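Chemist: Sequence first, predicted coordinates after that:
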Amino acid sequence: MSRHVDPVSPFETFPLVRPPRSVHDKIAHQLGKAIVSGQLQPGEALVGEERYSAEQGVSRTAYREAIRMLSAKGLVFSRTKSGTRVSERRRWSMLDLDVIAWMFETGPSPDFLRGIFELRMAVEPSAAELAAQRRTSQDIAAMGHALEEMRRHGLMTPQGRGADQAFHHLIMEATRNEPLMSLSSSIAAVVAWTTRFAREERGESRNPMPDHDGVFDAIVAGDGDKAHAAMLALIRNASADAGML
C-alpha cells in the first residue's frame, strides 16, 4: 500500500516545550524545575508569597496562581499553619505534560527514564494490537503520512520528532478506547523527549524507520499479534538508544 497522502498535518499539535505565556506561567516553570530537579526537596517549605513578591518584583496574585498550578500537578500542597511545601514524589502527576518537560529540561534520572520505558512497554504494544483490529482507512492514511514526514526530516529535527509523536498518537487514537486515548498526549510527549535525549544527549544515530515500518505494516495488515510484537521491539530498541538496556 502506498504511504503517500496529504492530510492536514497533525504534527504541530504536540509542541515539545510550551513556552511560559504569563507571569504566573513563568513562576510555575521556575519553581516546577526546582522541584523536579531536587533543588527543592519533598517537605521543604516554599518562600511565602509576600517575600517572593518583594524579592522577585511580581504580584502576589501571580505567585498564588503559580502555586495553584503546581498544586494541581501534585507538586506542592498548602496548609494554613505550615505554608506551601513540596509534595512527596509519589503524589506528583508524572504524566502531566509540564512535569514531563521539566523532568527532561533538568536532566532525567535513570529511574525516571526506566519508568517511562516500562510505561510504554505496558501500554503501547497493546494499543498497537487494538489499532490493528480497529483502524480505519483514514487512520492508515494519517499514520502513513506521519512516517513519510519522519523519514523526510529525520529525528534530529523538530519536524521529524513531531511526525514521530504524531505516529504514536495516531495509534493510540485508532484503538477507539477512551481510557487509552486519554494517554495519547502524554505518550506522544515522552516519545519525543526520549528521542531528543537519545539523539542530542547521547549521540545515537540508529535508523528507527524499520521499527516504525514494521508496526505500520502490521496495522495495515490487521494483524494484532504482529503489531504487538513489532511495537514491543520498537520500544526496546528506543530504550537501548536512551541507554536503558
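Modeler: Yes, it's here.

Chemist: Leaving out the residues flanking it, which one is nearest to Asn96?
Modeler: For residue 96 the amino acid is Asp, not Asn. Of all residues not flanking Asp96 in the chain, Lys73 sits nearest, at 4.9 Å (CB to CB, 6 or more residues apart in numbering). The C-beta positions use only the backbone N, C-alpha and C, and glycine is treated the same way.

Chemist: quick one: Leu130 is in a helix?
Modeler: Yes: assessed with DSSP: H, G, I helix; E, B strand; the rest coil, Leu130 lies in a helix.

Chemist: show me where this structure has strands.
Modeler: 76-79, 83-86 (DSSP state E).

Chemist: quick one: the residue nearest to Asp96 and Arg51, what's the gap?
Modeler: Going from Lys73 to Arg51 by CB to CB, to the nearest Å gives 23 Å.

Chemist: Which of those two has more residues huddled nearby?
Modeler: Neighbours were counted for Lys73 and for Arg51 using other CB atoms under 10 Å; Lys73 has more, 22 against 11.

Chemist: what's the spacing between that one and His145?
Modeler: Counting by CB to CB, the gap from Lys73 to His145 is 33 Å.

Chemist: now do Gly222
Modeler: Distance from Gly222 to His145, by CB to CB: 19 Å.

Chemist: And those two? Which one has more around it.
Modeler: More neighbours surround His145 than the other of Gly222 and His145, with 23 against 13 (other CB under 10 Å).

Chemist: how far away is that one from Phe167?
Modeler: Taking CB to CB, one finds His145 at 9 Å from Phe167.
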